[in-house]
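*Asks:* what would the 3D arrangement of this be:
(one chain, ligands or ions: 1)
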Amino acid sequence: MKHTLKVTFSVLTATGLLLSACSSTTKTPEASKQPNTDNKPVATQQAAKKEVEIFSWWTGAGEEAGLKELIRLFKMKNQDIEVINAAVAGGAGTNAKAVLASRMQGGDPPGTFQVHGGAELNSGWVAADKVQPLNDLYEQEGWKDKFPKDLIELVSKGDKIYSVPVNIHRGNVTFYNKKVFESNGLQPPKTFDEFFKVADALQAKGITPLALGDKEPWAATMLFENVLLGHMGADGYKDLFSGKVSFDDLKVKESLEIFKKMLTYANKDHAARNWQDAAQLVAKGEAAMNVMGDWEKGYFTTDLKLKPNEEFGWTPTPNSEGSFMVVTDTFALPKGVKDPNTVKEFLKVLGSVEGQDAFNPLKGSIPARVDADVSKYDVYGKQTIEDFKKAKLAPSLAHGSAASEGFSTQVNQAITVFVTKGDVNQAAAAFKQAASSNGISK
Ligand code: GAL
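*Replies:* Residues are numbered from 1 along each chain as shown. From the prediction side, this is the model:
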């Protein structure tokens, strides 16, 4: 791995996260209750019952298959532990994060919860003193050299490790419909110039060049962060979050111009679609390309049963070959959990080779562990595992790693306004303001 992922974060409280929530959680017991066959009072039996509640936003198509497989594996190994799948729908944690904040604040933490490595964990839950260090588990399981060093750093503060990564998603991928490209004699674009040439050619044939589903604003932020990565390079991109380069820098404004031009090639109903709806446009050949994290690969192969390299193809987003936008899903152990040892039993499976190889081939991500079984991954997975080793890594803003939740929320708002108004100076000023009010210095 060529590059450290760490940018300098200022320590912020999790105030942004600890807002009260508005939706409620559906808890699904994954194990059927044992019948009362002996004559012990029910209350005694319940008191002895072990359970683990897993909180995430992985519900529905394109999201839940990996988690369910992981739970199945865990149940096989731990028949005495009931699993409560407390997932809250909404891509990128749109609703789940607020529900989690409310539960944590109200003293009702889940057993374990999904959290992105980096700022979301460190400037959020660690700074707010809401999670427990897991060094003992890492020691006991011999994990310290089983995850890339950079990844362990992303889930650590000082010498304490606070969560267990289950995967690494790549965020800078253009997925495309192979048939649409081939039948129109087009090559997937590697640069912005090529993107616009291809987009013009597609438009001339009446095909929507770019599928977008930004009903949840993070999807537009994700497209923009990939433009920043392509236009500024991984180092330039990271300089923004360390405060070295200002968010109203000329390069940021140029990136906004490129982003604005890209938006003119998107489906008109983008604000009514979520990421799966946008992915479907590509799957059906109604649109040619979609910029998304590789959970879309999971959606295509696991849910839509499309064949990689036949029915869909992929290429890094323009100008980002050699860079890897890192989105890592990790699981943390909150303070105040009734039975931390039972939760650790789940984390052990999640952090094991077997657990990661059960989860990731379905989810579209690559294993976080360095010693996973590569033969379990398809052509996309194998290639991505190799790319990850060589690439310059960059932490995703839209998915919590680059900056605090407070900052990403404000950027999402500014992007939403930009998508409709297209005012470059206004957006850059809003980013700059958000950076200064969230402790990113310039
Ligand atoms: C990301 C998460 C992925 C995937 C995606 C869409 O934040 O890391 O695992 O679930 O959101 O919801």
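*Asks:* how about stretch 280-291 and the ligand, any contact?
*Replies:* No. Legend: contact between stretch 280-291 and the ligand by C-beta under 6 Å from any ligand atom is lacking; minimum distance shown is 13.1 Å. Every residue, glycine included, has its C-beta placed from N, CA and C.
*Asks:* mind listing what's buried in that stretch?
*Replies:* Buried positions in stretch 280-291, judged by neighbour count with 16 or more other C-beta atoms under 10 Å: 280, 281, 282, 283, 287, 288, 289, 290, 291.
*Asks:* from those residues, which ones fall inside helices?
*Replies:* 280, 281, 282, 283 (DSSP state H).
*Asks:* hmm, the last one is touching residue 307, no?
*Replies:* In other words, residue 283. No. Assessed by C-beta atoms under 8 Å, residue 283 is found out of contact with residue 307, at 11.5 Å.
*Asks:* circling back: can you redo the ones in helices among the buried residues of stretch 280-291 as a markdown table with pLDDT?
*Replies:* Listed next are those as a markdown table, based on pLDDT from 0 to 100:
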| residue | pLDDT |
| --- | --- |
| 280 | 98 |
| 281 | 98 |
| 282 | 98 |
| 283 | 98 |
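*Asks:* the helices in the stretch 251-400 of the chain, which residues?
*Replies:* Counting by DSSP state H, counting those that start in this stretch, the stretch 251-400 of the chain has helices at residues 275-283, 295-298, 340-350, 353-363, 379-390.
*Asks:* and the shortest one, what does it pack against?
*Replies:* Taking 3 or more C-beta pairs under 8 Å, 6 or more residues apart in numbering; DSSP states H and E as the contact definition, the neighbouring helices and strands of helix 295-298 are strand 173-177, helix 353-363.
*Asks:* let's see it at 7 Å
*Replies:* helix 353-363 (3 or more C-beta pairs under 7 Å, 6 or more residues apart in numbering; DSSP states H and E).
*Asks:* ok, residues contacting the helix it packs on?
*Replies:* The contact list for helix 353-363 (C-beta atoms under 7 Å, 6 or more residues apart in numbering) reads 65-66, 69-70, 73, 166-167, 295, 298, 302, 349, 366-369, 371-373, 376-377, 381.
*Asks:* mind checking which of those residues are buried?
*Replies:* 65-66, 69-70, 73, 166-167, 295, 298, 302, 349, 366-369, 372, 377, 381.
*Asks:* check the residues you listed one by one and keep those near the ligand.
*Replies:* residue 295.
*Asks:* phi first, then psi, for residue 427.
*Replies:* phi -70, psi -50 (degrees, to the nearest 10).
*Asks:* what ranges does the stretch 51-200 of the chain have for its helices?
*Replies:* Remark: helices assigned in the stretch 51-200 of the chain by DSSP H, counting those that start in this stretch are 65-77, 96-105, 119, 135-141, 149-154, 178-183, 192-204.
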